[in-house]
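Novice: Return atomic coordinates for the entry below.
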Amino acid sequence: MARQELARFLRERRAALRPYELGLPADAPRRTPGLRREEVAELAHMSVDYYVRLEQARGPRPSARILEALAQALRLSPPERSHLFRLAGTSAPPPAAEAVRSVRPHVAQMLRR
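Specialist: Numbers count the residues shown, from 1 in each chain. Modelled structure (predicted):
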């Protein structure tokens, strides 16, 4: 696992997000751009301490579930998500399937009745 690279990637992605993009209040001035560590941890449903350890390259190897939660919290694109899993030394599970946007003809016919 590339701990230093993983830590740097998490910090860069956190700094790239803006609170208002995620529906978080952006009322108080911030010393650094982007989200606070506490906000990322809350969005990923993990402890702040664990997230801080990952960002400081002191954490254990994160599980696939933790990596998936971080990918969602940091709004990673599919290539960024794969990169996150690669940095953690874990093979990325396939991304969730997109919701089907079309209705099958027999279902549409049933709905019309």
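Novice: Now do the same contact list for the residue nearest in space to the middle of the chain.
Specialist: Residue closest to the mean C-alpha point of the chain, counted by C-alpha atoms, centre = their mean, is Ala71 at 2.2 Å. Counting by C-beta atoms under 8 Å, 6 or more residues apart in numbering, Ala71 makes contact with 80-81, 84. C-betas here are computed from N, CA, C, even on glycine.
Novice: Closest to Met1 out of the residues you listed?
Specialist: Closest approach to Met1 among these (C-beta to C-beta): Leu84, at 11.7 Å.
Novice: how about stretch 53-63: buried residues?
Specialist: 54-55, 59, 62 (16 or more other C-beta atoms under 10 Å).
Novice: contact partners of it?
Specialist: Stretch 53-63 is contacted from outside by 1, 3-4, 6-7, 10-11, 14, 37, 50, 70, 88-90, using C-beta under 8 Å, 6+ apart.
Novice: For that stretch, list the C-alpha coordinates in PDB.
Specialist: The C-alpha coordinates for stretch 53-63 follow below in PDB (Å, rounded to 0.1, in the frame of the first residue of the first chain):
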ATOM      1  CA  ARG A  53      -4.800   8.800  10.300                       C
ATOM      2  CA  LEU A  54      -5.400   7.900   6.600                       C
ATOM      3  CA  GLU A  55      -4.500  11.500   5.600                       C
ATOM      4  CA  GLN A  56      -1.400  11.500   7.700                       C
ATOM      5  CA  ALA A  57      -0.300   8.200   6.300                       C
ATOM      6  CA  ARG A  58      -0.500   6.500   9.700                       C
ATOM      7  CA  GLY A  59      -3.700   4.400   9.100                       C
ATOM      8  CA  PRO A  60      -4.100   0.800   8.500                       C
ATOM      9  CA  ARG A  61      -5.000  -0.600   5.100                       C
ATOM     10  CA  PRO A  62      -8.600   0.600   4.500                       C
ATOM     11  CA  SER A  63     -11.200  -1.900   3.600                       C
END
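Novice: Next one: Met110 from Glu68, what distance?
Specialist: Per C-beta to C-beta, to the nearest Å, Met110 is found 36 Å from Glu68.
Novice: For Arg30, the count of nearby residues, please.
Specialist: When neighbours are counted by other C-beta atoms under 10 Å, Arg30 registers 11.
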